[in-house]
Structures are given as structure tokens and as C-alpha cells.
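Engineer: Show me how the following folds:
(one chain, ligands or ions: 1)
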Amino acid sequence: MIRIISDIRSPRLDYVLDFVFNQVLNTGYKLTLENQEDAALPAIFYGKTTCLPLSFSVSQIVEEQGVLHQKSMDVLLNAYQEYRLGHRAWWQLDVFGMIFYCLSRYEEYLIKGNDHWGRFTARQSHLVQMAKNHPVVDELIFLMKEAIVKQYPSYKMPEQKNYTFQATMDIDQAWAYKYRGMRNILSVGKAILTLDFKRLHSMWKVLIDKQDDPFYTYEYIEHQCQMNGKNMKVFMLLSSKLTSIDRNHHPSTPEFRALVQELARFFELGIHPSFRSTQDICYLKEEISELEQLAGKSVHRSRQHFLLLRLPQTYRQLIQHGIDEDYTMGFADEIGYRAGTGHSFYWYDLEKEQVTPLKIFPFQIMDATLKNYMNLNSDEAIQLITAMKQQSELYHSPVTFIWHNSSLDESGEWKGWRQVFEYLMRS
Ligand SMILES: [Zn+2]
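Structural biologist: So this is what the prediction gives:
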């Protein structure tokens, strides 16, 4: 157990201490005013003055309540900037305040998302711009652990797990051409107008059963999971109104229903709430019920389609609908650590000033980010992932990636990207 000696008492501090010492380091902790009690245990002093070998200074953020202050954010970020530039030691930061700032997504309440979909982007994030592709929270926890070990050599730190890469997948469109009914006529028209005869030819061959549907990659995915001993969490888009954004097969399509039932036997399924459900929340209930019926079990995990996440509304709505795991926390425009960590953590509702039962599983890498937003080729993507892997091993920080069944189609724009998927699966 680690003693935290401080006269600060706040729900924010409790939240951070629970995350760091109970969930990540697994040491447990005791928050106390006295330095005399259990004097043999490692101690960290957290206050305005420093008095122990291990002391962190405190800024406003952990003591504030309810209101968000630009100034509190600036103080933390300026200090962190100085640390990055080598002008300040890590322990001169408000370490617990910084971790709270990252996990609570404080900055996302002060900066409104501004991409085409109204999403908060990596480019807007002060944290990401300063830290680049760096897990700020995991690094601070690592430094803290090293300092405890150095200062208290006889204290036995619990072993931390060696994390592997976690595989997740979104299925927006189960087949490229099959079972799409009238929508294939529109696709034919579009292919003719754009003189895309290759697509027309491929579509024709699939529809007369001379060729497999290019998005039907499930056997390959299952094989990859089995070969690498990985479980995969798969998120299904199940909108009952089909548009160019919610482009799943209609949930009443018999072949689609059979596919979802089959996938439920092999994968851990979650809901992929449609764009429509973000416009009108009653559809979220409908989509979850549909998936529960098909999978034959209750659904409690979710990832937003198009990563459409608005704080605090989206998370409050998910909680109301019985979801207790969300996998949306990451960026579309860059790989990296939106909340500064690869670890899962409970969502803290800043406006209500309380910890919620919703656990956030952040992701760091997405197929479309690498290829479409960062314009990398598959070799460059593997290089980047390798660097991330080394960093994750150093900080014992888990990495989660998102792939799509459609980006395993080797016949089109994703040609050559299976090697990236396989590399991630082996990691
Ligand atoms: Zn999607």
C-alpha cells in the first residue's frame, strides 16, 4: 500500500488515486493527514509545500468543483510544456491534477469539436499537440513507480501485466454487394456515371456467385484471431433506416440476421450506434434491442459510428441505456492517446462532479486514420506501430486498435493493408 499524505479531500483526488493505485499499479493506497502512521510504507506528499523525498505540488484543479476554468487548464499545460522542454522536473508537476485533467477530458468541455462531424480532433487538443504521440498519464505513473522503487527499495511493487494489442472491429457494411436489394441499382448507376468498370465487373461476378463478396472477410478474421490467440470485440451497425452514412444492411434482411447470429458465437459483440441515433436518441434503444435479440444476450458495450462523441451527452445517454463499456475514446485524424492513457478508466462526469459506472476503453490506432487521414502507406504504418509498441512496453500501457471488415478487402483501395492488420494481430 502507498500512503498519500495530504490535507486535500475532493472527489477528483479520490478518483485519480483509485485509478493510479488501485487500477493501474495495483498497490492500493491510503489517504492520510499524518506522516507518522504506518511509517514503513512508501509515502507521497501532495500539498502546497514539499516535505518528503517524494512530493508533488498541487494546483487548483483537484480542489475545484463543478465549474471549469480556462486558467486551471493553462496552469497545468504551461507546467507540462516546461517539463517537455526540460525546464522542470516531472515531480514538480501537479501529477495528480494532470492525470485528472487528462482522464476527465477537461479540455473537451472548453473547446468545441470543429471537424466536419463536429468531432473534437487531435489538432484541437492542447494535450496531444504538446505531448505528440505520447501517453502522458501512463508516463507519469511509470515515473512515479520508478521513484517509489528507488526511494523505498525494500517495498515490493506488484508486477504489472505485460499488455498486448487489443483487437476491435466495426462492421458498418457486412457485404459490399450481396443482399443489398434496390441499393445495388444505385451502385450500378454510380459506377456507370464514374466509368468505374472494374467495380461493375466485380459487382457482377459477386452477384452471380462467381466471386466472394469483398467485404465478407469473417473467416479470415476468425482465423487470425485463432492463430494469434486473440479475442476480438466487434461492433455492429444496426440502423433501421438506411442512408449513405448508416449504410448497414437492413436488420430485417434474413442473411444479415443469420450473419449477426453467427458472429455472436465467435466474437464479443457490441452496438455501433448509428448516426441517426445521435440525432434522435430513441433509436439507440431500438438498435440495442435488435442486437440483443439477434445475439441472444444482453449488450453492454458500445462504440459510436464515425466516433461521434459529445461530452457529456453521449456518455450520459449510453449509461441511461445500460451500456457500461465504451470504446469510442480516440481520434479519427491522428493515432495516439486522446485521454493520455491506454488503460481503461471510469468516466468522471465533470458537470455532476461524480464517477460513473461507465468504463472507457480508449483506442490508439484506426485503419482509416493511418491510410486516409495520415496518408501513410502500409510500410510506413507498420513503422509507426512498431514505435508505439516499444513505448507501450516501456510504460506497460495497453494498445487498442480498430479495423473494419471492409478494409480487409484486398481488391480495392486497401490492397496491401492486410499485412498491417496481421502485424497488429501478432503484436
Ligand atoms: Zn462505423
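
Engineer: Quick check: residues of this protein near the ion?
Structural biologist: Residues of the chain lying close to the ion by C-beta under 5 Å from the ion are 170, 172, 305. (C-beta placed from N, C-alpha, C; glycine too.)

Engineer: quick one: contacts for the last one?
Structural biologist: It refers to residue 305. By C-beta atoms under 8 Å, 6 or more residues apart in numbering, the contact list for residue 305 reads 170, 172, 237, 245-246, 272-275.

Engineer: go again using 6 Å as the cut-off
Structural biologist: Contact partners of residue 305, counting by C-beta atoms under 6 Å, 6 or more residues apart in numbering, are 237, 272, 274-275.

Engineer: what's the burial count for residue 98?
Structural biologist: 26 (other C-beta atoms under 10 Å).

Engineer: Confirm it sits in a helix?
Structural biologist: Yes: assessed with DSSP: H, G, I helix; E, B strand; the rest coil, residue 98 lies in a helix.

Engineer: who touches it in this structure?
Structural biologist: Applying C-beta under 6 Å, 6+ apart, the residues near residue 98 are residue 76.

Engineer: Mind listing what's buried along the longest helix along the chain?
Structural biologist: Using DSSP state H, we find that the single longest helix of the chain is helix 378-395. Neighbour-count burial for helix 378-395, counted by 16 or more other C-beta atoms under 10 Å, picks out 378, 381-382, 384-385, 388-389, 391-392, 395.

Engineer: Could you look up the SS state of the residue most central in space within the chain?
Structural biologist: Centroid-nearest residue in the chain, with C-alpha atoms, centre = their mean: residue 362, separated by 2.1 Å. With three-state DSSP as the basis, residue 362 sits in coil.

Engineer: List the contacts of it.
Structural biologist: Residue 362 neighbours (C-beta under 6 Å, 6+ apart): 329-330, 339.

Engineer: Show me which of these is closest to residue 142.
Structural biologist: Nearest to residue 142 among these, counting by C-beta to C-beta, is residue 339 at 16.2 Å.

Engineer: I'd guessed that closest one sits against residue 100; true?
Structural biologist: No: counting by C-beta atoms under 6 Å, residue 339 does not reach residue 100; the two are 11.0 Å apart.

Engineer: First-to-last residue distance for stretch 105-124?
Structural biologist: Start-to-end span of stretch 105-124 (C-alpha to C-alpha, to the nearest Å) is 13 Å.

Engineer: and for that stretch, what are the contacting residues?
Structural biologist: Against stretch 105-124 from outside (C-beta under 6 Å, 6+ apart): 68, 126, 128, 306, 311, 331, 333-334.

Engineer: cool, stretch 198-210 as well?
Structural biologist: With C-beta under 6 Å, 6+ apart as the criterion, stretch 198-210 contacts 177, 191, 211, 213.
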